[in-house]
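Peer 1: Let me see the structure of the following:
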Amino acid sequence: MKTHTEYMYSLANASFTLRIIEHLRNKYQSTLDSVAVINLIDRWLVKVNLKESIDVFSAKNLQAFLNEMGVAYKPSARIATALAKLEAGESITAIMNRYQVVIVAYGKPEKEEIEIFREQIVERLGYCPQNMA
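Peer 2: You can find the predicted model right below:
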């Protein structure tokens with residue numbers, strides 16, 4: 001039996017986001033199609049798309065891990081539209097400008113992309129907000 005191929009989670013901070021990216025790259029690399037990482041003022045969103053459905057055991061393991069890091073998330077219409085445009089191949093910059101969404105990484109993100117974004121925000125603010133920890 002196979003399972004669905006899309007997961008969307010809300011996370012409290014950058015550390016949880018980094019752990020998810022690392023876990024996906026280590027355990028699901030072969031079935032990973034794309035990952036979208038979005039930063040909102042008070043949280044991070046991670047949308048995972050798999051190329052194909054995975055077996056039930058793997059799906060339960062993935063969901064258990066994601067549930068430890070955050071909570072399942074149903075995006076607002078604005079976020080859902082931005083994600084759909086992103087997956088359709090529109091320019092990340094155009095999407096961010098049109099929908100006022102901060103897309104930190106898309107595709108097969110590396111931890112470094114998130115770490116650089118976090119460092120830049122902390123440097124500009126002069127302190128580390130809770131969601132950047």
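Peer 1: the helices in this structure, which residues?
Peer 2: 14-27, 56-69, 77-87, 92-99, 111-125 (DSSP state H).
Peer 1: Which of these sits closest to T5?
Peer 2: helix 56-69 (9.3 Å; CB to CB). Every C-beta, even on glycine, is put in place using the N, C-alpha and C of the backbone.
Peer 1: Flag every buried residue along that closest one.
Peer 2: Buried residues in helix 56-69, counting neighbours by 16 or more other CB atoms under 10 Å, are found at S58, A59, L62, L66, M69.
Peer 1: Report the beta-bridge partners for the residue positioned nearest the centre of the chain.
Peer 2: Nearest to the geometric centre of the chain sits V46, at 2.0 Å (CA atoms, centre = their mean). Counting by DSSP bridges, V46 is bridged to Y9, V37.
Peer 1: pLDDT below threshold where in the chain?
Peer 2: 1-4 (pLDDT under 70).
Peer 1: from the helices of the chain, which stretch is densest packed?
Peer 2: Highest mean neighbour count among the helices of the chain (mean count of other CB atoms under 10 Å): helix 14-27, with a mean of 18.
Peer 1: and it, how far out from the chain's middle?
Peer 2: Offset of helix 14-27 from its chain centre (CA atoms, centre = their mean, to the nearest Å): 9 Å.
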